[in-house]
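Chemist: Mind looking at a prediction? Sequence and model below.
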6 protein chains.
Amino acid sequence: MNQDRFTRGQQELAKIHGHIGEGVMAELNTIAPDFARLILEFPYGDIYSRGVLSSRERQIATIASLTTLGNAPKELRAHIQGALNVGCTRQEVVEVLMQMAVYAGFPAAVNAILIAKEVFAELDQRT
Amino acid sequence: MNQDRFTRGQQELAKIHGHIGEGVMAELNTIAPDFARLILEFPYGDIYSRGVLSSRERQIATIASLTTLGNAPKELRAHIQGALNVGCTRQEVVEVLMQMAVYAGFPAAVNAILIAKEVFAELDQRT
Amino acid sequence: MNQDRFTRGQQELAKIHGHIGEGVMAELNTIAPDFARLILEFPYGDIYSRGVLSSRERQIATIASLTTLGNAPKELRAHIQGALNVGCTRQEVVEVLMQMAVYAGFPAAVNAILIAKEVFAELDQRT
Amino acid sequence: MNQDRFTRGQQELAKIHGHIGEGVMAELNTIAPDFARLILEFPYGDIYSRGVLSSRERQIATIASLTTLGNAPKELRAHIQGALNVGCTRQEVVEVLMQMAVYAGFPAAVNAILIAKEVFAELDQRT
Amino acid sequence: MNQDRFTRGQQELAKIHGHIGEGVMAELNTIAPDFARLILEFPYGDIYSRGVLSSRERQIATIASLTTLGNAPKELRAHIQGALNVGCTRQEVVEVLMQMAVYAGFPAAVNAILIAKEVFAELDQRT
Amino acid sequence: MNQDRFTRGQQELAKIHGHIGEGVMAELNTIAPDFARLILEFPYGDIYSRGVLSSRERQIATIASLTTLGNAPKELRAHIQGALNVGCTRQEVVEVLMQMAVYAGFPAAVNAILIAKEVFAELDQRT
């Protein structure tokens, strides 16, 4: 059963983050392998795989939350990329981040938008 | 032009919050009337009215943000109701709040879900 | 296997919170039963049951974190009680909360100490 | 020397909060007397008494910070009253809180303004 | 009318940040031009231009808030510079940041003071 | 008496941080010497030296708090090192950080664990 959660988690991770997710997992694996496993099992295996919301809606909620936290730029970067991977347009991503100015303040929104700018620039360089 | 923003803001406020939004505005109006006006003009008139995202997606982002903040129970209550008003199901609202456990921690998610429970109970009592 | 996690989680919950933990679970169960189950499985079944740290040390870490968050008074109350249940003295609990003035500011520490005062008063009334 | 800090702290506390400050100190004193003493010694005795900024400017900074924290309504209430005590007008207090919408988001500003409204109403009732 | 807000915003931005503000605006402009415009219109055009408080008092409130947030070092840097531009002394800026140790904790205050140190050093190098 | 607090603070600082603590103090000393002194006097001289909790338990509380704040990586780094200095094992440190996923969310825990990884790697390089 835990194996199911782990496998479901790997599938969700791959769907949202592609190969990049594996890198973070590998980085965590050398210091806290149990925690790397729990990340696959709980957020990805237990939560993201539940359906009810579309992958697109879940990424909108996640980038809203990470922008509000304001102290997790690496995760925000990963989930901006993830939002694009599951079907959000760049304009939609920026729109969510702009809306966060209302709830989390302008610095949170500005910094998130500048992170999105970097993500988009990296994507443009790859192609 | 500002009149346009104000009018657009009133329309967005009515769409999301119905008559309840007017109450908060009236409460603010006696102490900080300029701020009451700015709330209609900026969050509702400038941001919510921009299109790009659906009203439903915007409310998902907002309840994700307010759950993450964890210190704005009145606003969360208003936007859980707002999410239902623009077409989210109760199950979808709860699902967004559950997902926040991953990013903002379990206490934030639990407290948001208990607020949703109160909102749903009030709605059931009215009918 | 998940059954194991659930059972381990129930045992940890009982050890830390006694019968009071069941009340919160019951309250969540009517609105988000899957989330109630996940709380037993992940925080209690996956994390608290890991050993490595003593129950006492884990509750010290938890009340430090909840004091720092500053917006989860119900959880802080439950874990102050939990800290006493697993062997911390009242003086030790207050000492952790005082130390948080350094990292999270005086308002966070003061409010946490006033919550501890309420918990201690309730315990005194029961006896 | 510590006696000096304690005495300076008492004077600053009285200047900012009047007799109300003594109530909070008394409440803390029964549970954490050392912490009550440290509050007089450090924030009031070491920091507020330093000069450099006017009492008025210090209260502006404090209500800005407490509004930004968003989870310390009792302290915010005390320092809104304190700001009035050291010479801020009601309009100036509300103006600081409004400005916080920019940095801490609208919910933080709205909730702070509604607290100011309560403080002002209590003052009006006393006269 | 919006043109008025925009123009007022530009004037406030120039008064507080000098030419440096234009750089951030230009950076945002390539990714989210509407948001760049809204920053001029709302924080600078609607809020900072309201009078009531002096520019000096407004910057004191802002650096207090940004220090409390603790996750917006670029904005803090810009407003420490802004505080100096509108008449605060270096000593006064540091004094506000020190006071934040009381409300937001020592790490927030220490990190803000080290940012102020960098701002002051850059200013000294220019002359 | 203040001299006592200062001396006690120096001893606690040395016990927890070794020679590294002196570096931060020196850095602060050039910009805000009074604040550098207050850090020795209040957190280290007044709080850490109180006994009641073991040094080990105090560092557990501190790294829990700093992980929860999520915006003080330098302080977290210093106190992870400090936790090891007063007798925590690496595994115990990581275990506290993992537990914070429950209260402060996964991004906070992941980022703290990656900081611990860097601290451990630096220690390994020195030997």
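Modeler: Yep, that arrived. Numbers count the residues shown, from 1 in each chain, chains lettered A, B, ... in the order given.
Chemist: Centre of the chain to the helix or strand of chain A with the lowest mean pLDDT, how far?
Modeler: The helix or strand of chain A with the lowest confidence, counting by mean pLDDT, DSSP states H and E, is helix A:20-29 at a mean of 85. Distance, stretch centre to chain centre, for helix A:20-29: 14 Å (CA atoms, centre = their mean, to the nearest Å).
Chemist: how about it, does it get close to chain B?
Modeler: No - if you take CB under 8 Å from any CB of the partner chain as the test, helix A:20-29 misses chain B, and the best it gets is 14.2 Å. Heads up, the C-betas are built off the backbone N, CA and C, glycines and all.
Chemist: what's the following helix or strand after that helix?
Modeler: Note on helix A:20-29: by DSSP states H and E, the next helix or strand toward the C-terminus is helix A:33-39.
Chemist: Walk me through the domains of chain A.
Modeler: A:1-50, A:53-127 (automatic domain parsing).
Chemist: Could you pull up the residues touching the most centrally placed residue in chain A?
Modeler: Geometric centre of chain A, nearest residue: A:H79, 2.2 Å, by CA atoms, centre = their mean. Contacts for A:H79 (CB atoms under 8 Å, 6 or more residues apart in numbering or on different chains) come out as A:16, A:59, A:62-63, A:66.
Chemist: For B:G23, see how far away it is.
Modeler: With the distance defined as CB to CB, to the nearest Å, A:H79 ends up 36 Å from B:G23.
Chemist: picking that back up, the least confident helix or strand of chain A - contacts with which helices or strands?
Modeler: Other elements packing on helix A:20-29 under the criterion 3 or more CB pairs under 8 Å, 6 or more residues apart in numbering or on different chains; DSSP states H and E are helix A:2-17, helix A:33-39, helix A:73-85, helix F:106-126.
Chemist: List the buried residues of the first one.
Modeler: Just to be clear, that refers to helix A:2-17. In terms of neighbour count (16 or more other CB atoms under 10 Å in any protein chain shown), helix A:2-17 has its buried residues at A:5-6, A:8-10, A:12-13, A:15-17.
Chemist: can you list the residues you listed in a markdown table and add distance to B:I39 and pLDDT?
Modeler: Output for the buried residues of helix A:2-17, formatted as a markdown table (distance: CB to CB, whole Å; pLDDT from 0 to 100):
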| residue | distance to B:I39 | pLDDT |
| --- | --- | --- |
| A:R5 | 44 | 89 |
| A:F6 | 46 | 90 |
| A:R8 | 42 | 93 |
| A:G9 | 41 | 93 |
| A:Q10 | 45 | 91 |
| A:E12 | 38 | 93 |
| A:L13 | 40 | 93 |
| A:K15 | 38 | 93 |
| A:I16 | 35 | 94 |
| A:H17 | 37 | 93 |
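Chemist: so who does A:L123 touch?
Modeler: By CB under 8 Å, 6+ apart, A:L123 lies in contact with A:81, A:84.
Chemist: returning to that earlier point: most packed of the domains of chain A?
Modeler: When those are scored by mean count of other CB atoms under 10 Å in any protein chain shown, the highest mean neighbour count falls to domain A:53-127 (a mean of 22).
Chemist: and that domain, average pLDDT?
Modeler: For domain A:53-127, the mean per-residue pLDDT is 96.
Chemist: So A:E95, which state does it fall into?
Modeler: Under DSSP: H, G, I helix; E, B strand; the rest coil, the three-state class of A:E95 is helix.
Chemist: Can you give me the distance of it to B:L76?
Modeler: A:E95 is 21 Å from B:L76, where distance means CB to CB.
Chemist: Residue of chain A closest to chain E, please.
Modeler: Per CB to the nearest CB, A:P107 is where chain A lies closest to chain E, at 3.6 Å.
Chemist: dump the residue contacts of that residue.
Modeler: Contacts here follow CB under 8 Å, 6+ apart; on that basis A:P107 touches A:70, D:103, E:66, E:69, E:71-72, E:74-75.
Chemist: Please look at A:V86 and A:L53 and confirm they touch.
Modeler: No - between A:V86 and A:L53 there is no contact, the gap being 11.1 Å when judged by CB atoms under 8 Å.
Chemist: still on that earlier bit, which of the domains of chain A sits closest to C:I113?
Modeler: Among those, domain A:53-127 comes nearest to C:I113, with 26.2 Å by CB to CB.
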